[in-house]
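*Asks:* Here's my sequence, what's the structure:
(chains A and B)
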Amino acid sequence: MAQENKLITLENITKKYDGQVVLDDLNLYIRENEFLTLLGPSGCGKTTTLRIIGGFETPDVGRVIFDGQDITNLPPNKRQLNTVFQKYALFTHMTIAENIAFGLKIKKKSKQYIQDKIDYALKLVNLDGYGKRMPDSLSGGQQQRIAIARAIVNEPKVLLLDEPLGALDLKLRQDMQYELIRLKNELGITFVYVTHDQEEALTMSDTIMVMNQGYIQQIGTPEMIYNEPKNAFVADFIGESNIIGATMIQDRLVEILGAKFACVDEGFGNNQPVDVVIRPEDVDLVEPEQGTIQGVVTSLIFKGVHYEMEVEANGFTWLVHSTDLSPVGKQVGIKVDPFDIQIMNKPESEDEEAVGINE
Amino acid sequence: MVKRLIQKGYIGLVIVFLYAPILVLMVLSFNGSKYRSKWGGFTFKWYRELLENEKILNALWTTLLLALFSALLATVLGTLAAVAMNRMKKLPKAIMMSITNIPILNSEIVIGISMMLLYFAISFSLGFTSVLLALTAAHMPYVILNVLPKLRQTSRSTYEAALDLGASPISAFFKIVLPDIFPGVLSGFMLAFTLALDDFVITHFTKDAKVSTLSTVIYAETRRGIEPEIYALSTIMFTAVLVLLIVVNRMKAGAAKKLAEQQK
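*Replies:* Below is the predicted model of the structure:
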């Protein structure tokens, strides 16, 4: 990309609550038209980051730049962005149409303009003809779509979404994910999305920012985050994985649990301790003599799309996903393709260390 | 069977003891005879005389003005205080709650006398204004206690959503927060109004000779022997308060029902 258009930049943002650090020197930029997801467990600082962008919190240190302007101390009602709140936050004493018109009336738009916008927004979120209803009479999913409609009629440059699907059931959540992607494409605006649901993040985002304990762990495309997690926290948080302590013998050769595996990573040095991540679906179970290491199946669960098995091998319990069934007690060999082995540096800093890394 | 009879009888007794005096008063207000011990036939005479009694009508007018304005002031100030307290952190909030509760638990005579002493100390002349301010201060905690729970129920995010959509903090409060907490504000106002309406003690200590309210007039009259007009006046006051009470309770029940339906 030649010239990246940075719409929002967060510079050295630090935020403390009652002496507890929530965000520590966070730097981030958001490009125009990007679907950025802030992903992390609760308390990781993702919502605080969103609230700082929205203007509901002021950072103790650092600046927020929006479209070239410093908006760090600008109150939310003066910012060119709108938020979709976790619990919809619809105005229950107003009709749906009045809810949607709220922002436009403050901007003193003409009656005709407001009516057109209401019709357009209701059509956009597939709730044509709901204008006269009260928020209470709508289902959770419908209320959330009204909350989105209410935000987008103001034509914000950025839409902030704070776990908007958190209160919906699974099926509805999946439908709404497609709906949001469609909306994003139709509106052509920037979405900043906060969630703790890794599947949601992988499905919708252009860019994912994984956060933990106030620090950015990794920023990248969903594919990068999933296939090449930078550290054990990211690997563990995004999907299931086998994270194993190992030694990098030399470029493209790693020793895992006493056996040598070919891999594709270079530049970690010779005989360096590292962590390796192997996704359960990338572990191939073969005949014992064909495997790099040998083990025995200790557990088998049917998961619908695949079987989930645990294999005891060289003192480590491997998590394996496969459509082929291997019964409990069977002797198997384990094989992993070189490009399915992801090498990561051992955690260096305290913030990486602080996360619970599964053995 | 017997148990139920005893239960019913007991409740009946309690009600009789509570309301028999008022019933007697009401009956006497329609008594044609001036003497309590004699029934002189049904009459509206005392009510007619009451309406012609300028002193009492003046007192009624003063009472209504005092009740209305002190309740309005207490409602505005109490609501503002509740909004601020709701935003406070735990410890300051607990301290403020205690400060709020003290005037409610404190006996009225202490409030009345201390108000009077305060007015003397700052050489504030006693009169309508001094009573108004004293009643406002004494009844503001009731408003706070009615508004705070409503504020706790409303989510902060609707207020933030209004800001997000471009509303200034003040317009967000009036357009979004106030409609949400309005039932609490209204019941706080009603409570402050009825309390001020029949207040005697605080008014008695903070007024001067020129100000007279219904309760102070009645008190002064009774020292000279009770005129039957007072029975009529008391009956009207009791009925007015009763109607107000029923209205407030109806509203509360309606709001509770609506809430229960929403949660279904």
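
*Asks:* What is the neighbour count of the nearest residue to A:Asp67 once chain neighbours are set aside?
*Replies:* In space, and not counting its chain neighbours, A:Asp67 is closest to A:Leu7: 6.2 Å by C-beta to C-beta, 6 or more residues apart in numbering or on different chains. No exception for glycine: its C-beta is placed from N, CA and C like everyone else's. By other C-beta atoms under 10 Å in any protein chain shown, the residues close to A:Leu7 number 21.

*Asks:* So which other helices or strands are in contact with the host helix or strand of A:Leu7?
*Replies:* A:Leu7 belongs to strand A:6-17 when assigned by DSSP states H and E. Judged by 3 or more C-beta pairs under 8 Å, 6 or more residues apart in numbering or on different chains; DSSP states H and E, strand A:6-17 is in contact with strand A:20-31, helix A:46-54, strand A:61-66, strand A:190-195.

*Asks:* try it again with 6 Å
*Replies:* Counting contacts by 3 or more C-beta pairs under 6 Å, 6 or more residues apart in numbering or on different chains; DSSP states H and E, strand A:6-17 packs against strand A:20-31, strand A:61-66.

*Asks:* For the first one, buried residues please.
*Replies:* What it means is strand A:20-31. A:Val21, A:Val22, A:Leu23, A:Asp24, A:Leu26, A:Leu28, A:Tyr29, A:Ile30 (16 or more other C-beta atoms under 10 Å in any protein chain shown).

*Asks:* Assess the claim that B:Glu49 and B:Pro228 are in contact.
*Replies:* No: using C-beta atoms under 6 Å, B:Glu49 is not in contact with B:Pro228; the gap is 8.1 Å.

*Asks:* quick one: which of those two has more around it?
*Replies:* B:Pro228 (22 against 14).

*Asks:* CA atoms only for stretch A:296-304, dumped as PDB, please.
*Replies:* C-alpha atoms of stretch A:296-304 as PDB (Å, rounded to 0.1, in the frame of the first residue of the first chain):
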ATOM      1  CA  VAL A 296      -1.400 -43.500  22.700                       C
ATOM      2  CA  VAL A 297      -4.900 -42.000  22.400                       C
ATOM      3  CA  THR A 298      -6.300 -41.300  25.900                       C
ATOM      4  CA  SER A 299      -9.600 -39.600  25.100                       C
ATOM      5  CA  LEU A 300     -12.000 -39.200  22.300                       C
ATOM      6  CA  ILE A 301     -14.900 -36.800  22.000                       C
ATOM      7  CA  PHE A 302     -17.300 -36.400  19.000                       C
ATOM      8  CA  LYS A 303     -17.600 -32.600  18.200                       C
ATOM      9  CA  GLY A 304     -19.900 -32.700  15.200                       C
END
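
*Asks:* can you give me the mean pLDDT across that stretch?
*Replies:* Mean per-residue pLDDT for stretch A:296-304: 92.

*Asks:* go on, stretch B:222-236?
*Replies:* Throughout stretch B:222-236, pLDDT has a mean value of 83.

*Asks:* Name the residue of the stretch 1-150 of chain B with the shortest distance to chain A.
*Replies:* Using C-beta to the nearest C-beta, the closest approach of the stretch 1-150 of chain B to chain A is made by B:Lys89 at 8.8 Å.

*Asks:* for that residue, what are its contacts?
*Replies:* By C-beta atoms under 6 Å, 6 or more residues apart in numbering or on different chains, the contact list for B:Lys89 is empty.

*Asks:* Tell me the confidence at it?
*Replies:* B:Lys89 is given a pLDDT of 89.
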